[in-house]
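Undergrad: Sharing a sequence plus its predicted fold:
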Amino acid sequence: MKTVLICGGIGKRMFPLTEDKCLLKFLGKTLLEHQIDTAKEAGLTDFIIVGNSQNIGSMERITTNISDIAVKFVVQKEPLGMADALRNASQFLDSEVIIVNPNDVFEGFAYNKLLDAYRTHSAISYLLGYEVADYFPGGYLVTNDEGNLTGIMEKPEKGKEPSNLVNLVVHLHRDPQKLLQYAESVQTEKDDIYECAIDSMVRDNYKIKVVPYTGFWYSVKYPWHILTLAQWFLDREQGYISPSAYISEKATIKGKVVIDDNVKILENAVIRGPVYIGPNSTIGNNSLVRDYSHIGADCVVGYSAEIKGSYIGDRCHFHMNYIGDSIIGADCSFGAGTALGNLRFDERDISVRVGEEPIDTGRNKFGAIIGDNSRTGVNASIMPGIKIGPNSIVGPNVCLTSDLEPDSFIMAEQVSNTIRNRFRH
Amino acid sequence: MKTVLICGGIGKRMFPLTEDKCLLKFLGKTLLEHQIDTAKEAGLTDFIIVGNSQNIGSMERITTNISDIAVKFVVQKEPLGMADALRNASQFLDSEVIIVNPNDVFEGFAYNKLLDAYRTHSAISYLLGYEVADYFPGGYLVTNDEGNLTGIMEKPEKGKEPSNLVNLVVHLHRDPQKLLQYAESVQTEKDDIYECAIDSMVRDNYKIKVVPYTGFWYSVKYPWHILTLAQWFLDREQGYISPSAYISEKATIKGKVVIDDNVKILENAVIRGPVYIGPNSTIGNNSLVRDYSHIGADCVVGYSAEIKGSYIGDRCHFHMNYIGDSIIGADCSFGAGTALGNLRFDERDISVRVGEEPIDTGRNKFGAIIGDNSRTGVNASIMPGIKIGPNSIVGPNVCLTSDLEPDSFIMAEQVSNTIRNRFRH
Amino acid sequence: MKTVLICGGIGKRMFPLTEDKCLLKFLGKTLLEHQIDTAKEAGLTDFIIVGNSQNIGSMERITTNISDIAVKFVVQKEPLGMADALRNASQFLDSEVIIVNPNDVFEGFAYNKLLDAYRTHSAISYLLGYEVADYFPGGYLVTNDEGNLTGIMEKPEKGKEPSNLVNLVVHLHRDPQKLLQYAESVQTEKDDIYECAIDSMVRDNYKIKVVPYTGFWYSVKYPWHILTLAQWFLDREQGYISPSAYISEKATIKGKVVIDDNVKILENAVIRGPVYIGPNSTIGNNSLVRDYSHIGADCVVGYSAEIKGSYIGDRCHFHMNYIGDSIIGADCSFGAGTALGNLRFDERDISVRVGEEPIDTGRNKFGAIIGDNSRTGVNASIMPGIKIGPNSIVGPNVCLTSDLEPDSFIMAEQVSNTIRNRFRH
């Protein structure tokens, strides 16, 4: 049994963060690694990873150090969807496969349920169906009385759902080449060749088993989903402090924390878990990190900085900042006094502009989303829901109220009035 | 002996704070309750409270829980002064009464001195005369050699004071109905019917005894008087920490503190008394509360906030703020980096505009006066002596240099200059 | 043997700091006192101090308390250079002298080397030659094979240095009157009469010995040199905590510190040495002083302030500030939230305007240079490399991007927009 990890997609809605969602790191590991770990727990050790030209190198490096697995890599030249990804991987699809999208984070027993069904029911494919109680804007799996697929309905209107089973792409195919043959003849203008191929197989009376699943499932679509996922990873992790971490006796650690190798936590710093702190990071004197904050590697949370409910990339530097409910890319630094507002005066939910459209984050506390390698000057203020493109600079004293494009530098122009010789009046 | 508490007045000069001065809370109790406590200590347990339509309900609720007292309530429809208040309460004035204005805070032995005089000297009324060494802008009690009143002189010019005894309204009347009769026939255009009635009684040879008093007396007239009064209450209170309070071993408590029920003081917080902290409030990590600060109930003094010499209402939230020598109403919150300036560059006394007129506070360190339910954004700056009306918002990065009306929202308009593609120049 | 300390010069390039470099204080002593200490260690106890009308009084006061020395004072009316200084001191130059410029900080064994040469070699003068490995923009001592001077070459072009010995004004003269005679007949338009006189003596075949020296030498020319010198003084000093200092058990002291008399270090303050703290200064709750910071006397580093790598004059007040890599005169105070930026976004070296010219400090982390008796308001921001003249004020919320003249007051003019009755829309 091989596991195909579909990593060739480009998450445009993640801007200004990385488009490669499978490279997002949680608790020191990329989503890709977390997926491989989950699969290994279910006994799956033979992987095919479909990437794109941008991420394939990183994925090769990352997987090199994982023991007891075999991996084949496939490059998908353009992000043309799952069927195209499988077509590119065709040469390796010579036996049963499980197809997984690493953006879909789920629990390991999903594999066990799928494999149980495979062992006990004869069918050509086995699809995981996520049981929902409320409306979910996804594809619904329609089944007959025996629990076999009769069709897939994409995003029905609310109230018109044909079932309570949402299509979660953890799919086992006994004959992937057959699936590819069907995909060849699909005619569609949408990005749904894979689903159409399955539909066609159903119409040709192939038996496709739907396997219900009720565990955790979360799919990263927008940047703020990272916060929810960080929370989930922290909640299921056991507390851990690396023996190589230095924690001052005057530091305070409360609640569950995951503190990685060579972390330093200095005097009067306070960590209120659940919190993750990545390797080699320093939590400086008199700082505060709390409420599901997730700090990357090689960061410095300097003197008098507060990080609350935020996801911080690698190599970021803070001092005298308030960073609340925000998502910060790698290699960012913040001038003393820079504060990220995270609450509207009217306490309404905070929206973020995605493309041209404002999308409600569903959060009434939400800060900024800041791309890699950005900086702020002293006493800069950044409003809730603002996006800052990578490689950008917010000048000192700027109050940033709209999104900043990549590679930009915004400066405040201050009109001032100087009185000279003020003692001689 | 009944005690009449005159609470129907409206303190317009207290804007933007509550006009009901008798509802101001110190050490968890309203001024009204403090007055009742003081009277009870002198054995006075029978009260008539004259309120207005706005505060009468609150006063009924507040007094319900005070044991061993009897209270009658009277509503004064318009704030027409003390004589009018007594006229409204006429039906209950069937025997000796002591009349008190709860804005006048004084020590309990004032009652004892008055009652002693009542028992040992025959007179129709007994007025407390506050002995002053320096000029005081009040009404002066003129006496003959036997210490009996010969007249009241309102606000004489400095240097022309007719005595060293200022009229402090803690007045005992054997025959309040007689006083009311006299009040009926007073003809005056000022708000002094009560004083004129007493003057007329003196002219008709009624004997009115003046009882000298040298203890503490303070009358709340302007908002900043609250700070002085908070200081007095703290000074005479014994230190106390409620057994239900949680104080981290890493917190520091220095000096005299009064810490109410369910207060939480977290790691690395510092309290430098004299300080009062109201019930259910949290003093967060690494914060500082000092120098006669008086914090209300259900407040959060969050991370890295300093509260110095300030009076804070209930349910206020702070983090990363400097709040110095300020008076903050209830339900206010402050964005990270908001600082309240409390010192002029020329170190002169700070004035506050009351109505159209700037009034010198007599303080060279004084911050802001902020009405209930107001908010500030991140990195807002508020200048010394500024008033912010209730329900108002000071936007992020605003430097507030003039008073803000109630229900207002002030935003700074920042001109900025953005360089795009800064790496391609 | 007398030692002549040439203190009459005016260091215009030190603006906005004191022009009297010999009065700069390090570890609680002026440069003048440090020089006298160094000389005393070499057995030199007889001093002639040439000052100007401005500093002579201070120098008299300062030297009064130094035991076991004899001092004569000479006033140089105008800053006309070293030869003029010596001419003014002529009456006291009746025997061997060592001439020293107290701006030149060097190690005590320089004297020993000079005195050894004087005892073992016959010559009329002995000049210290600072051995350099790399180009140094100074005067070069040219010598013959026997190590005797053949000439002085002022600031040769790089690569055209005539020797590796730079002229360090620690000069011993057997016959100072002879030197003065030669100085009389020098004709030059530059400020180099002294050097020309020596040159003339060489031409007349007087033997002048050059004594090589390889120890520490640093000359304060620009304000930022103070930081280097503070570092040097701290590095060679042994750690010391005065018995009269109060250090809270909850304070943290790390690394080497020199803590002077009556210093108070309060709870949760952190000192990360090397750090010097002058007498009577208070390091307040939860503050941080680190990285070669040098704090003067009677300062208050208040709550939540960070002082990093900075030189602070006497009687300065901070709270909630970031002061990084800066030089602050005496009697300065900073509003809450004032931050001194100390890093360019492009991370290039920071320049300071000296006169009309920008001079590279050679530092990529450098903050501001602030003259005596200056102040800032709340949330002011000051850019790297900015100079603020003495007696100046930077208003609240100002972002200071250019130098501020002495006695100035700069205010930001903010355009704001107020919505009234915001609840009635």
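TA: That came through, no problem. Numbering: from 1, shown residues only, chains lettered A, B, ... in the order given.
Undergrad: from here on, contacts and neighbour counts on C-alpha atoms
TA: Will do.
Undergrad: isn't residue A:247 right next to residue A:260, touching?
TA: No - applying C-alpha atoms under 8 Å as the test, residue A:247 and residue A:260 come out as separate, 11.6 Å apart.
Undergrad: Neighbour count: those two, which is higher?
TA: residue A:260 (23 against 20; other C-alpha atoms under 10 Å in any protein chain shown).
Undergrad: Can you read off the backbone torsions of that one?
TA: Per-residue torsions, residue A:260: phi -80, psi -180 (degrees, to the nearest 10).
Undergrad: tell me which parts of the stretch 151-300 of chain A are close to chain B?
TA: For the stretch 151-300 of chain A, the residues found near chain B under the criterion C-alpha under 8 Å from any C-alpha of the partner chain are A:252, A:268, A:270, A:286, A:288.
Undergrad: From chain C, how far out is the first one?
TA: Taking C-alpha to the nearest C-alpha, to the nearest Å as the measure, residue A:252 and chain C are separated by 13 Å.
Undergrad: Please apply the same query to residue A:370.
TA: In this view, residue A:370 and chain C are 16 Å apart by C-alpha to the nearest C-alpha.
Undergrad: Might you report the residue contacts of that residue?
TA: Residue A:370 makes contacts with A:16, A:17, A:327, A:328, A:329, A:387, A:388, A:389, A:390, as judged by C-alpha atoms under 8 Å, 6 or more residues apart in numbering or on different chains.
Undergrad: Contacts for stretch A:175-190, please.
TA: Counting by C-alpha under 8 Å, 6+ apart, residues outside stretch A:175-190 touching it are A:83, A:86-87, A:90, A:93-97, A:124-125, A:193-194, A:196-198, A:200-201.
Undergrad: ok now that stretch, how far from the chain's centre?
TA: Taking C-alpha atoms, centre = their mean, to the nearest Å, the mean C-alpha location of stretch A:175-190 is offset from the chain mean by 29 Å.
Undergrad: Could you double-check that residue A:3 lies in contact with residue A:99?
TA: Yes - judged on C-alpha under 8 Å, residue A:3 makes contact with residue A:99 at a distance of 5.9 Å.
Undergrad: For the stretch 51-200 of chain A, just list every one of the strands.
TA: A:70-75, A:97-100, A:104-106, A:125-131, A:139-143, A:149-154, A:165-173 (DSSP state E, counting those that start in this stretch).
Undergrad: The ones you listed into a markdown table, with extra columns for distance to residue A:40?
TA: Converted to a markdown table, the strands of the stretch 51-200 of chain A look like this (distance: least, C-alpha to C-alpha, whole Å):
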| stretch | distance to residue A:40 |
| --- | --- |
| strand A:70-75 | 11 |
| strand A:97-100 | 13 |
| strand A:104-106 | 14 |
| strand A:125-131 | 18 |
| strand A:139-143 | 27 |
| strand A:149-154 | 28 |
| strand A:165-173 | 15 |
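Undergrad: can you redo those as a markdown table with mean neighbour count and distance to chain C?
TA: Below are those laid out as a markdown table (neighbours: other C-alpha atoms under 10 Å in any protein chain shown; distance: least, C-alpha to the nearest C-alpha, whole Å):
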| stretch | mean neighbour count | distance to chain C |
| --- | --- | --- |
| strand A:70-75 | 17 | 37 |
| strand A:97-100 | 23 | 43 |
| strand A:104-106 | 20 | 38 |
| strand A:125-131 | 24 | 44 |
| strand A:139-143 | 21 | 42 |
| strand A:149-154 | 20 | 42 |
| strand A:165-173 | 24 | 44 |
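Undergrad: which one of those lies closest to residue C:238?
TA: Evaluated over the strands of the stretch 51-200 of chain A, closeness to residue C:238 peaks at strand A:104-106, with 58.2 Å, by C-alpha to C-alpha.
Undergrad: Check the offset of that closest one from the chain's centre.
TA: 10 Å.
Undergrad: What is the burial count for residue A:145?
TA: Other residues within reach of residue A:145, judged by other C-alpha under 10 Å, total 6.
Undergrad: how far away is it from residue A:210?
TA: For residue A:145, the distance to residue A:210 (C-alpha to C-alpha, to the nearest Å) stands at 11 Å.
Undergrad: Ok, residue A:176 next?
TA: Distance from residue A:176 to residue A:210, by C-alpha to C-alpha: 17 Å.
Undergrad: Quick check: residues of the stretch 1-150 of chain A near chain B?
TA: Taking C-alpha under 8 Å from any C-alpha, no part of the stretch 1-150 of chain A reaches chain B.
Undergrad: Who are the contact partners of residue A:52?
TA: Counting by C-alpha under 8 Å, 6+ apart, residue A:52 touches A:7, A:8, A:9, A:75, A:76, A:77, A:78, A:79.
Undergrad: switch the cut-off to 6 Å
TA: Residues near residue A:52 by C-alpha atoms under 6 Å, 6 or more residues apart in numbering or on different chains: A:8, A:75, A:76, A:77.
Undergrad: And those residues, which of them are buried?
TA: Using 16 or more other C-alpha atoms under 10 Å in any protein chain shown as the burial test, the contacts of residue A:52 include A:8, A:75, A:76 as buried.
Undergrad: Low-confidence regions, chain A specifically.
TA: Within chain A, the ranges that satisfy pLDDT under 70 run A:424-425.
Undergrad: Domain map for it?
TA: A:2-219, A:238-410 (automatic domain parsing).
Undergrad: ok, residue A:176 and residue A:210, which is more surrounded?
TA: Between residue A:176 and residue A:210, counted using other C-alpha under 10 Å, residue A:210 has the larger neighbour count: 27 against 23.
Undergrad: now the angle from whatever helix or strand that one lives in to strand A:139-143?
TA: For residue A:210, the host element (DSSP states H and E) is strand A:208-213. Angle of strand A:208-213 versus strand A:139-143, following axes from the mean of the first three to the mean of the last three C-alpha atoms, to 10 degrees, is 120 degrees.
Undergrad: Remind me what the helix or strand following strand A:208-213 packs against, helices and strands.
TA: Later in the chain than strand A:208-213, the nearest helix or strand by DSSP H and E is strand A:217-219. Where contact means 3 or more C-alpha pairs under 6 Å, 6 or more residues apart in numbering or on different chains; DSSP states H and E, strand A:217-219 is packed against strand A:104-106.
Undergrad: Run me through the strand neighbours of the strand it packs on, direction for each.
TA: strand A:217-219 (antiparallel) (DSSP bridges).
Undergrad: Show me what counts as buried in the next helix or strand after the strand it pairs with.
TA: Tracing the chain past strand A:217-219, the next element assigned as helix or strand by DSSP H and E is helix A:225-236. Neighbour counts over helix A:225-236 (16+ other C-alpha under 10 Å) mark A:225, A:226, A:227, A:228, A:229, A:230, A:231, A:232, A:233, A:234 as buried.
Undergrad: I'd like those residues as CSV, with distance to chain C appended.
TA: Formatted as CSV, the buried residues of helix A:225-236 follow (distance: C-alpha to the nearest C-alpha, whole Å):
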residue, distance to chain C
A:225, 31
A:226, 28
A:227, 29
A:228, 32
A:229, 33
A:230, 31
A:231, 30
A:232, 34
A:233, 33
A:234, 30
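Undergrad: What count of nearby residues applies to the residue in the stretch 51-200 of chain A that chain C sits nearest to?
TA: Going by C-alpha to the nearest C-alpha, chain C is nearest to residue A:54 of the stretch 51-200 of chain A, at 27.7 Å. Residue A:54 has 13 neighbours, counted by other C-alpha under 10 Å.
Undergrad: ditto for the one 5 residues further on
TA: Neighbouring residues of residue A:59 were enumerated by other C-alpha under 10 Å; the total is 21.
Undergrad: so how far is residue A:180 from it?
TA: To residue A:180, residue A:59 is 25 Å away according to C-alpha to C-alpha.
Undergrad: Next: residue A:383.
TA: Distance from residue A:383 to residue A:180, by C-alpha to C-alpha: 48 Å.
Undergrad: same check, this time on residue A:31
TA: Distance, residue A:31 to residue A:180, by C-alpha to C-alpha: 27 Å.
Undergrad: Same check on residue A:41?
TA: For residue A:41, the distance to residue A:180 - C-alpha to C-alpha - is 28 Å.
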